[in-house]
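build me a structure from this.
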Amino acid sequence: MSLANSNRIFRGQAPIDYLKSGGLPAFATVRRLLDARRGGQ
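Residues are numbered from 1 along each chain as shown. All right, here's what the predicted structure looks like:
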């Protein structure tokens, strides 16, 4: 969570920084990303 991430969503920043700056919409985006990665279950 604290290391820079190359995923397009995070734009090279650490996921924690993305969540802090993006508020609830960012949390929803990351939730959808994680759900998709684990097969939507």
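
middle-most residue in the protein, spatially?
By CA atoms, centre = their mean, the chain has its centre lying nearest to residue 30, at 3.6 Å.

which SSE is that residue in?
Using DSSP states H and E, residue 30 sits in helix 15-37.

how about residue 3?
Under the criterion DSSP H and E, no helix or strand holds residue 3.

what's near enough to touch it?
Counting by CB atoms under 8 Å, 6 or more residues apart in numbering, residue 3 makes contact with residue 14. The C-beta positions use only the backbone N, C-alpha and C, and glycine is treated the same way.

below-threshold pLDDT in the chain: ranges please.
Across the chain, the ranges flagged by pLDDT under 70 are 41.

mind doing that once more with 80?
When residues are selected by pLDDT under 80, those of the chain lie in 40-41.

need the contact list for the closest residue to residue 5 other than its chain neighbours.
Distance criterion CB to CB, 6 or more residues apart in numbering; nearest residue to residue 5, sequence neighbours excluded, is residue 15 at 5.6 Å. Neighbour list for residue 15: 1, 5, 30 [criterion: CB under 8 Å, 6+ apart].
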